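Engineer: got a predicted structure here, sequence first:
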Amino acid sequence: MLIYLVIAVLVALLFAPVVPLVSKTLNGKKAKLSLLCNLASFFSLCIILTVVVFDGSVFAAEGEAVVKALDPSAGMGFLACGIVMAGATLGAGIAVSSAASAAIGATGENPKNFAKSLMFVALGESIPLYALLVVFMIIDKL
């Protein structure tokens, strides 16, 4: 819960310099100086919070975990995961490029065809999602 509060404060601090600029209360050099000061304080606060939040101790893995990590078949499994995702995303890119251009043309001719054409674009985009399921199944077996 604390991490969400920290993120909310950081986002608020990031957008704080924009408010006077939008409301036109600052102009010229004052606006630039205010923006630079706020951005400098924001990034310094980010660095300080990173050091404070991630100040945990790190321990080496136990012997059994190290032996399992050195298994050569695990490397082949990870290679298979990479090949599966690369092929799926490449195929999805080709499918979506063709389907999306056809969908734009069909919608331009008749706006009632939007839902039908969107369905074919979504089918092309679902290919990497199924590949991601396959990747999770492969990783589960490792």
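Structural biologist: Looks like it came in fine. Computed from a predicted model, the values in this text were never measured in an experiment.
Engineer: could you say what helices and strands the longest helix anywhere in the chain packs with?
Structural biologist: Counting residues, the longest helix found in the chain (DSSP state H) is helix 72-109. With contacts taken as 3 or more Cβ pairs under 8 Å, 6 or more residues apart in numbering; DSSP states H and E, helix 72-109 sits against helix 114-125, helix 127-141. (Each C-beta comes from the backbone N, C-alpha and C, glycine too.)
Engineer: buried ones in that helix?
Structural biologist: Residues 77, 81, 84, 88, 92, 95-96, 99-100, 103, 106-107 are the ones in helix 72-109 that count as buried (16 or more other Cβ atoms under 10 Å).
Engineer: could you dump these into a markdown table and include pLDDT?
Structural biologist: Shown next, in a markdown table, are these (pLDDT from 0 to 100):
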| residue | pLDDT |
| --- | --- |
| 77 | 86 |
| 81 | 91 |
| 84 | 92 |
| 88 | 93 |
| 92 | 92 |
| 95 | 89 |
| 96 | 90 |
| 99 | 89 |
| 100 | 89 |
| 103 | 89 |
| 106 | 89 |
| 107 | 89 |
